[in-house]
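Asker: My questions concern the predicted model and sequence given below.
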Amino acid sequence: MPLERTLDAEVRRALAILPGVSVMPNEAGVFRTLDGTRTVRAGLGVGSSDLVGIIAPHGRWFCIELKTKRGRVRKEQALWLAHMERMGAAVGVARTVGEAVAIVESGRAGQ
């Protein structure tokens, strides 16, 4: 399994056990319909984070971009994170499970 996929699975398992946290994978991409007549875009938008979610009870959103140790954040991803932060979401780049949990906990704390 590729490293980022492994990190994704580990982070989702860790976030799933946090109380009051709902996490959703954001599978973004572009594909053609089976009959080849249309191009369809999936996901929240260009540069959108790998994981998005919401923290109860106040409904604060979080956006987490997952990267391996050497992975680089693309310009579109940085712009997405900056926009979501301006909108009030807890955002960040996580290279470890601990970093992902810290992003969610910062959202819970209102930071």
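Answerer: Noted; the coordinates are in hand. Numbering: from 1, shown residues only.

Asker: secondary structure element for Val93?
Answerer: Taking DSSP states H and E as the definition, one finds Val93 inside strand 90-94.

Asker: what do you get for Arg41?
Answerer: Assigned by DSSP H and E, Arg41 falls within strand 39-42.

Asker: list the helices and strands that strand packs on?
Answerer: Other elements packing on strand 39-42 under the criterion 3 or more Cβ pairs under 8 Å, 6 or more residues apart in numbering; DSSP states H and E are strand 29-32. (Each C-beta comes from the backbone N, C-alpha and C, glycine too.)

Asker: Pull the residues that contact the following helix or strand past the strand holding Arg41.
Answerer: Sequence order places strand 51-55 as the next helix or strand after strand 39-42, per DSSP H and E. Around strand 51-55, the neighbours that count as contacts under Cβ atoms under 8 Å, 6 or more residues apart in numbering are 8, 11-12, 15, 20-26, 44, 60-64, 66, 90, 100, 104, 107-108.

Asker: Kindly report the same for stretch 74-83.
Answerer: Stretch 74-83 is contacted from outside by Gly45, Val46, Gly47, Ser48, Ser49, Cys63, Glu65, Val73, Val91, Gly92, Val93, using Cβ under 8 Å, 6+ apart.

Asker: Name only those of these that count as buried.
Answerer: Buried members of the contacts of stretch 74-83, scored by 16 or more other Cβ atoms under 10 Å, are Gly47, Ser48, Ser49, Cys63, Glu65, Val91, Gly92, Val93.

Asker: sec struct for the residue sitting furthest away from the middle of the chain, please.
Answerer: Here the centre of the chain is the reference, and by Cα atoms, centre = their mean the most remote residue is Asp35, at 31.0 Å. Under DSSP: H, G, I helix; E, B strand; the rest coil, Asp35 falls in the coil class.
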